[in-house]
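>>> Task: produce atomic coordinates for the following.
(chains A and B)
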Amino acid sequence: DAGVTQSPTHLIKTRGQQVTLRCSPKSGHDTVSWYQQALGQGPQFIFQYYEEEERQRGNFPDRFSGHQFPNYSSELNVNALLLGDSALYLCASSSSGDNEAFFGQGTRLTVV
Amino acid sequence: QKEVEQNSGPLSVPEGAIASLNCTYSDRGSQSFFWYRQYSGKSPELIMFIYSNGDKEDGRFTAQLNKASQYVSLLIRDSQPSDSATYLCADEFSNSGYALNFGKGTSLLVTP
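Down below sits the predicted model:
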C-alpha cells in the first residue's frame, strides 16, 4: 500500500503564475482534503472533495480551486500566486465513516 | 470562526518524565478531538482521537477531554528523545466529513 502520495515534492513559482498540485489517496479512501501549512503554523483546511464534489471549504479565496477524479485522486489549483501562498500543501485522505485521515508528505511551494 | 488554541512552546522535559500538552477550543458544539504528531519536515500523523469526556489511553499516551471546560490534553509517559516533535491538537472543521481544524501546535523537546 503506497499510502497518500503527492506530487511534486517541491515547486518554485513566480508571483502571478498558476500552479497545480496532485494527490493520490490511500487505497480504499474516497475523501480527499487539502491543507495549507505556513512555517511555524498548524495546517489550515482549504477544502474537501467527496464523490467528485467539493463538500466543504475553509476560509480561502476563490483563487484556490480543486478537482476530484473518478479514481478519487485530486488536484489543487492556485491562480494568481502571491508571495503569501508560499507554504507546505498537505493532502489527506480518509474513508467515509472513519475517524482517521492519512497525510501525504506534502508539496513545498515557494513563490518568488 | 472556530479556534483551537495551543501554547507554541517549546516545552522541554527530561527523558523519562511525563510531558503534558494542553489545548482549548472555542466551539462548545465540537464533538471530536484529535492529537497529531509532526516531526520537522514531515507530515502529521495521528496519535489518537477522543470524543467522550474523561481519559483515553493508548500505550504511553493518554488523551483527556473536559467538554465543560472546553479543554483537551495529551499526556506522554516515559518521554523519549524520539518524542521530540510538534504536537497538533484539532477538532472537526464541521459536522460533515472528516476535515480538521488545527491549532498552531506545541513544540516538545525531550532532553536525554
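>>> is it true that A:L11 touches A:V112?
No. Counting by Cβ atoms under 8 Å, A:L11 stays clear of A:V112, with 11.0 Å between them. C-beta: built from backbone N, CA, C; applies to glycine.
>>> Which one's more surrounded, those two?
Legend: neighbour count by other Cβ atoms under 10 Å in any protein chain shown for A:L11 and A:V112, higher for A:L11 (15 against 10).
>>> For the more buried one, give me the pLDDT.
Per-residue pLDDT puts A:L11 at 96.
>>> what does the one 4 residues further on give?
The per-residue pLDDT reported for A:R15 equals 98.
>>> In terms of helices and strands, where is the most centrally placed residue in chain A?
Nearest to the mean C-alpha position of chain A, by Cα atoms, centre = their mean, lies A:W34 at 3.3 Å. Assigned by DSSP states H and E, A:W34 belongs to strand A:31-37.
>>> buried set for stretch A:8-25?
Neighbour counts over stretch A:8-25 (16 or more other Cβ atoms under 10 Å in any protein chain shown) mark A:K13, A:V19, A:L21, A:R22, A:C23, A:S24, A:P25 as buried.
>>> Sorry, wrong one. I was asking about stretch A:55-73.
So, applying 16+ other Cβ under 10 Å, buried residues of stretch A:55-73: A:R55, A:Q56, A:R57, A:G58, A:F64, A:S65, A:G66, A:Q68, A:Y72, A:S73.
>>> Would it count as contacting chain B?
Yes. Stretch A:55-73 comes into contact with chain B (Cβ under 8 Å from any Cβ of the partner chain), by way of A:R55, A:Q56, A:G58, A:N59.
>>> Strands along chain B, start to end?
Secondary structure of chain B, counting by DSSP state E: strands at B:4-5, B:11-14, B:19-25, B:33-38, B:45-50, B:54-58, B:61-66, B:71-76, B:85-92, B:100-102, B:106-111.
>>> ok and the third one relative to strand B:33-38, angle-wise?
Between the axes of strand B:19-25 and strand B:33-38, defined by axes from the mean of the first three to the mean of the last three Cα atoms, to 10 degrees, the angle is 130 degrees.
>>> which strands and helices sit next to strand B:19-25?
strand B:4-5, strand B:11-14, strand B:33-38, strand B:71-76, strand B:85-92, strand B:106-111 (3 or more Cβ pairs under 8 Å, 6 or more residues apart in numbering or on different chains; DSSP states H and E).
>>> partners of it, with directions?
strand B:4-5 (antiparallel), strand B:71-76 (antiparallel) (DSSP bridges).
>>> and those strands, which is most packed in?
strand B:71-76 (a mean of 20; mean count of other Cβ atoms under 10 Å in any protein chain shown).
>>> now that strand and strand B:61-66, what's the angle there?
Going by the same axes, to 10 degrees, strand B:71-76 makes 160 degrees with strand B:61-66.
>>> Identify the residue spatially nearest to B:L100, adjacent ones excluded.
Closest residue to B:L100 in three dimensions, ignoring its sequence neighbours and counting by Cβ to Cβ, 6 or more residues apart in numbering or on different chains: B:A90, at 4.2 Å.
>>> What pLDDT is listed against the one you found?
At B:A90, pLDDT is 95.
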